[in-house]
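Asks: quick check, what structure comes out for this input:
(one chain, ligands or ions: 1)
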Amino acid sequence: MNNKCPWCGSDKAQINLWLKDEFLTKEDFHICECLSCGLLYTMPRPNKDKIGEYYKSEEYYSHQENKKGFIPKVYEAVKKVNLKHKYKLATKGIKEGRLLDIGCGVGDFLHTAEEHGWSCTGVEPSEEAKNIARKRIKADIIASEDLEKLPDASFDLITMWHVLEHVDDLKWQVEQLQRLVKPQGRIVIAVPNYKSYDAQFYKELWAAYDVPRHLSHFNKTTLTKIFKSKGMVLKKTEKLIWDAYYISYMSEQYKHHSLPLIKGAFRGFVSNLKARRSGEWSSMVYVF
Ligand SMILES: [Zn+2]
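Replies: Numbers count the residues shown, from 1 in each chain. I've put the predicted structure just below:
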């Protein structure tokens, strides 16, 4: 079993949190803090060939389409608004060009980008999602390992929307980002923020720990340091305000409380309110 930090390789770590896979298997995991670089990571880490087991669920929303019922309807509506927001945020101030979306799912973001004239490439490990994406969009959808075959400085914009925390080989992934982006290009990374109010409130039941699907857990300091060490400079941070609501709603469900929608909405609201002062949003977007 590999028990080293996925970034710096140190095996010196302390356990910060004991928690379960609340979403699917109810198996036990813990979150370690690397004493060398400060990164938080999930232990034990499922093997690469076993990790697919943890994604097998009807409920895994990012790969689902056209579901019936109230919550999926709300989710779909919010997703549309969120997509527009994400597109604006990622492309602000740059003309269309070549875009790489890593972990493109069924191609929602690429679909929006193609409508605006971007020439797109996607990376997606799930066969099911990949097949849906291929029917919807023009973009090439490739396997993660095929990133290595692409030439240096291929892209004006690279996006990872809630994907970096899932990545098995963090070091390899960040090195590929550095290699594939053009010198004046942009990298946009969205990840959950365990320093947010909702994370501190729900503790081990915070839905965005999502072990063992999330293997690394970032805050502003650790993520900025990781990218800076490879020569990528943080230009600004942004927020995704809907995530506070969704994550709080999921966390309320894990608590088995009554009225998860109302309580989650309240907690999400409080989280966003506090983040206006602290800057610690439930989900952060980093622009490099
Ligand atoms: Zn480390």
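Asks: now the longest strand anywhere in the chain: mean pLDDT?
Replies: Counting residues, the longest strand found in the chain (DSSP state E) is strand 181-192. When pLDDT is averaged over strand 181-192, the result is 96.
Asks: strand partners (parallel or antiparallel) of it?
Replies: Using DSSP bridges, the strands paired with strand 181-192 are strand 155-161 (parallel), strand 283-287 (antiparallel).
Asks: please put the alpha-carbon coordinates of the longest one into PDB.
Replies: C-alpha atoms of strand 155-161 as PDB (Å, rounded to 0.1, in the frame of the first residue of the first chain):
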ATOM      1  CA  PHE A 155      -3.600  24.900 -25.300                       C
ATOM      2  CA  ASP A 156      -4.600  28.500 -24.600                       C
ATOM      3  CA  LEU A 157      -6.900  27.400 -21.800                       C
ATOM      4  CA  ILE A 158      -6.900  24.200 -19.600                       C
ATOM      5  CA  THR A 159      -9.800  23.700 -17.200                       C
ATOM      6  CA  MET A 160     -10.300  21.100 -14.400                       C
ATOM      7  CA  TRP A 161     -13.700  21.500 -12.800                       C
END
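Asks: how about Phe227, what does it touch?
Replies: Contacts here follow Cβ atoms under 8 Å, 6 or more residues apart in numbering; on that basis Phe227 touches 174, 187, 189, 233-234, 286, 288. (Glycine included, C-beta is placed from N, CA and C.)
Asks: for it, grab phi and psi.
Replies: phi -70, psi -40 (degrees, to the nearest 10).
Asks: to which secondary structure element is Lys171 assigned?
Replies: helix 170-180 (DSSP states H and E).
Asks: that helix packs against which elements?
Replies: For helix 170-180, the packing partners by 3 or more Cβ pairs under 8 Å, 6 or more residues apart in numbering; DSSP states H and E come out as strand 155-161, helix 220-228.
Asks: got those as CSV, with distance to the ion and mean pLDDT columns?
Replies: Putting the helices and strands packed on helix 170-180 into CSV (distance: least, Cβ to the ion, whole Å; pLDDT from 0 to 100) gives the following:
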stretch, distance to the ion, mean pLDDT
strand 155-161, 20, 97
helix 220-228, 9, 96
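Asks: just say which of those is most tucked in.
Replies: strand 155-161 (a mean of 23; mean count of other Cβ atoms under 10 Å).
Asks: compute the inter-axis angle for that one and helix 170-180.
Replies: With axes from the mean of the first three to the mean of the last three Cα atoms, to 10 degrees applied, the angle from strand 155-161 to helix 170-180 works out at 150 degrees.
Asks: residues making contact with strand 155-161?
Replies: 86, 90-91, 94, 97-103, 109, 118, 121, 177, 180-182, 185-190.
Asks: so how far is that strand from its chain's centroid?
Replies: Relative to its parent chain, strand 155-161 has a centroid offset of 13 Å by Cα atoms, centre = their mean, to the nearest Å.
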